[in-house]
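[1] Sequence first, then the predicted structure, then my questions.
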Amino acid sequence: MNDTVTTQYWHALEDGRVQCDLCPRACAMAEGQRGLCFVRRNIGGRVMLTTWGRSSGFCVDPIEKKPLAHFYPGTPVLSFGTAGCNLTCRFCQNWDISKSRQMDRLADNATPERIADAAVRHGCRSVAYTYNDPVIFHEYALDVAQACAERDILSVAVTAGYVSPAPREEFYRYMHAANIDLKGFTESFYHRLCSASLEVVKDTLRYIAGETDVWLEITTLLIPGENDSETEIDAMTQWIAEELGTHIPLHLTAFHPDYRMMEIPATSAASLRRARTIARRNGLRYVYTGNIRDAEGQSTRCHHCDSLLIGRDGYVLTSWNLDSDACCPACGTTCAGRFDPQPGSWGERRQAVRIAGD
C-alpha cells in the first residue's frame, strides 16, 4: 500500500522551497525536508503526506473517553491516530505517539475501507481521529471519513484546532463531532508551552460553533500554576458562554506529570471542582471533571430544574433519565447534544483492534 500521497494545501516559493499551508506554521521546506509535524515532507517539489494509511494503533473505546458526554453516550468508537504533531506542548499526555519521529511506530497499515469495515464489524457508532492531531493527517482522515459515511459510521475529531481556514472548512464538512483541546486562555501560555497562538484556536472554535452543524465539546487540561488561576478560568468560561454558547459542554481535566513537565504536581480534585464552580457561575450548563473519580462532576443534570439526566461513574453510565426526545422528564427542557432514544452499553472497556492491510 502506498503510504505517501500528494497534499493539496501548499505552494512553491521563489527560492525553490515549498510552503505547507495546512496550518499557521507555514513550514517552508527544501527538497527532502520535513515540516515541524514531521509527517509532511518536500518530495520532488511537492508537499507529501508520508503517513497515509499508517497508524500507531486502533482501539475500540467508550465515546466518553474522547471525551464526549453529549454525543451518543455509551456507544463504542473506533479510535486511531498516526505519528507527529504540529504543536510542541511540553505537557503532552500522548507524547510517545504525537512526538514520535520514528515511522516504525506506525505498526498498522489500513486503507479507509478496512477501517470503515472494522468499525461496522465491532459495532462502533463512530470513528475517532485522535491520539495525535488529525490536522496533520488531513488527507488520510478525510478519506477514512468518506469511507465511513458510506457505511453510516460517524466521524469524530479530537484536535487542538490549530489549522488554517481553507483546510479547516474542508475538514469539518466531513466531521459529525469534535472535541477541541483549548489548552489555556492566554497568548503567553500558548507561545511558551505550545509554540502556538491562542487566537487561531479561538477562530476554529468560533467557526465550528457558528458555521457548521458539528457537535462541539471543549477540553481544558488544568496545569497547576500555569493555566488554573481563577482569573484565567473566569475569562475562558465567560468567553465560551458569550462567543460559543452556554450549551457547549466543557471538560476540565486533571494534569499528571509527563513528558517535559515532570516537575509540576498533579491537579487536585479540589482545583477541578473550583474551576467547575466558576464555569457554572458564568452560565455554562454542562461542565465536567475528568481524569479523577467524581460522579457528580461527570454526570449530566438538567440546566433548568437540576434533575439528574445521565449518571456517570468514570466512563460508565449509571443512570439514564432522558425521554425519547432528549428532554428532561421532570420539566421538559431539552438537553443539548446528539442522543439516541436509549444509550449504548459499551461501558469502560478498551479493546485493541488489529487491522491488517496490504
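    Cool, the structure landed. Predicted model only: the values in this text are computed from it and were never measured.
[2] ok, and what's touching the lengthiest strand in the chain?
    Ranked by residue count and defined by DSSP state E, the top strand of the chain is strand 215-222. Residues from elsewhere that reach strand 215-222, judged by Cβ atoms under 8 Å, 6 or more residues apart in numbering: 67-71, 91, 93, 176-184, 205, 208-209, 227-228, 233, 236, 240, 244, 248-255, 267, 271-272, 275, 290, 337-338. For the C-beta atoms, the positions are set from N, CA and C on the backbone; glycine is no exception.
[3] rerun at 7 Å
    67-71, 91, 176-183, 208-209, 228, 240, 248-255, 267, 271-272, 275, 337-338 (Cβ atoms under 7 Å, 6 or more residues apart in numbering).
[4] Now, these that are in helices?
    The members of these that map onto helices under DSSP state H are 208, 209, 271, 272, 275.
[5] Identify the farthest-apart pair in those residues.
    208 and 271 (27.7 Å; Cβ to Cβ).
[6] ok so, going back, and the buried ones among the contacts of strand 215-222, selectable in ChimeraX?
    The buried residues among those can be selected in ChimeraX (16 or more other Cβ atoms under 10 Å) with this line:
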select :67,68,69,70,71,91,176,177,178,179,180,181,182,183,208,209,228,240,248,249,250,251,252,253,254,255,267,271,272,275,337
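[7] okay, residue 96: pLDDT?
    For residue 96, the pLDDT comes out at 54.
[8] And for residue 358?
    Residue-level pLDDT assigned to residue 358 equals 39.
[9] do the same with residue 85
    pLDDT, read off for residue 85, is 92.
[10] next one: the one 4 residues further on
    As summarised for this prediction, residue 89 has a pLDDT of 90.
[11] Provide the secondary structure category for it.
    coil (DSSP: H, G, I helix; E, B strand; the rest coil).
[12] quick one: contacts for it?
    Contacts of residue 89 by Cβ under 7 Å, 6+ apart are 183, 193, 194.
[13] Likewise for residue 10?
    18, 19, 20, 21, 47.
[14] From residue 110, how far off is residue 285?
    Counting by Cβ to Cβ, to the nearest Å, the separation of residue 285 from residue 110 is 38 Å.
[15] any idea how far residue 13 is from residue 47?
    12 Å.
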